[in-house]
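>>> pasting a predicted model and its sequence here:
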Amino acid sequence: MALKVDRSIVGNQTDISYFYNSTAEKGEVLVFSTGGSGAAMDDANAVVTRPSAAPSGERFAGIVLNDVVNKDLTQTHINFQKDEVQQGGKVSLLRGPAVIVTDMIESGQAPTLGQALYFRLATHNATDETNRGVLSTTTIDDSGVLPADVATAKANLAAGQHKYQVGVALSTVDADNYLKVRIKSPI
């Protein structure tokens, strides 16, 4: 489980108008891929995806609230109790502002209370070999390049080069690698 049930969602801050064409785990950070026109509720062009390795220009779409699976639906069915969605279907996105408890944190990082969090494509724990959209304390400048050191990261941030902040840490990481996060509204 990558997203605990401890959540605070005020108002209607979820969106069900986007399709996702890969598998995913609850709590992953997704970005906009293509957009539909108008309300785009059934527009196949309204697609979200994981961040790329160089996310310059990508925009935070939300946190996926479903497990997205790839099952042979002729042999079994979606597990509705786990809120699963078939790959290629619509997903529920948490768009914020909201508070969540998640373990989708970049492997090896331990955010401190009040620290800004950004999105990137990285592994989220030591045993996971798949890159996912995760929360990270590492900033990325407008070119999509990771800064070499903290001073460069702070200079980039001060210059307004970073546009990818997703939220703020409201706790420190617990023994199970979970963190309480305030998610900002993406747009």
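Happy to help now that I have it.
>>> and the residue nearest the centre of this structure?
The centre of the chain sits closest to V29, judged by CA atoms, centre = their mean, with a distance of 0.9 Å.
>>> for it, which non-adjacent residue is closest in space?
The shortest distance from V29 to any non-neighbouring residue, by CB to CB, 6 or more residues apart in numbering, is to G133 (3.6 Å). C-betas here are computed from N, CA, C, even on glycine.
>>> and the one helix or strand the one you found maps to, how far out from the chain's middle?
Assessed by DSSP states H and E, G133 sits inside strand 132-136. In terms of CA atoms, centre = their mean, to the nearest Å, the centre of strand 132-136 is found 6 Å from the chain centre.
>>> what is that strand packed up against?
Here strand 132-136 touches strand 29-34, strand 116-122, going by 3 or more CB pairs under 8 Å, 6 or more residues apart in numbering; DSSP states H and E.
>>> can I get those in CSV including mean pLDDT and distance to A169?
Formatted as CSV, the helices and strands packed on strand 132-136 follow (pLDDT from 0 to 100; distance: least, CB to CB, whole Å):
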stretch, mean pLDDT, distance to A169
strand 29-34, 88, 14
strand 116-122, 85, 6
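>>> adding distance to S185 as columns, could you present those strands in a markdown table?
As requested, those are arranged in a markdown table below (distance: least, CB to CB, whole Å):
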| stretch | distance to S185 |
| --- | --- |
| strand 29-34 | 14 |
| strand 116-122 | 14 |
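>>> closest one to F19 among these?
strand 29-34 (9.2 Å; CB to CB).
>>> buried residues in the closest one?
Buried residues in strand 29-34, defined by neighbour count with 16 or more other CB atoms under 10 Å: 29-33.
>>> which one of those is nearest M104?
Using CB to CB, V29 is the member of the buried residues of strand 29-34 that lies nearest M104, at 6.7 Å.
>>> what is the end-to-end distance of stretch 94-109?
23 Å (CA to CA, to the nearest Å).
>>> next one: that stretch to chain centre, how far?
That offset, for stretch 94-109, works out to 7 Å (CA atoms, centre = their mean).
>>> stretch 13-31 now?
Stretch 13-31 sits 8 Å away from the centroid of its parent chain (CA atoms, centre = their mean).
>>> and for stretch 71-85?
23 Å.
>>> distance of the residue nearest to R59 when sequence neighbours are not counted from V68?
Excluding the flanking residues, the one nearest R59 by CB to CB, 6+ apart is F32, at 5.1 Å. F32 sits 17 Å away from V68, going by CB to CB, to the nearest Å.
>>> ok, now D176?
From D176 to V68 the distance is 23 Å (CB to CB).
>>> in terms of neighbours, single out the busier of those two.
Ranked by neighbour count (other CB atoms under 10 Å), D176 and V68 place V68 first, with 21 against 8.
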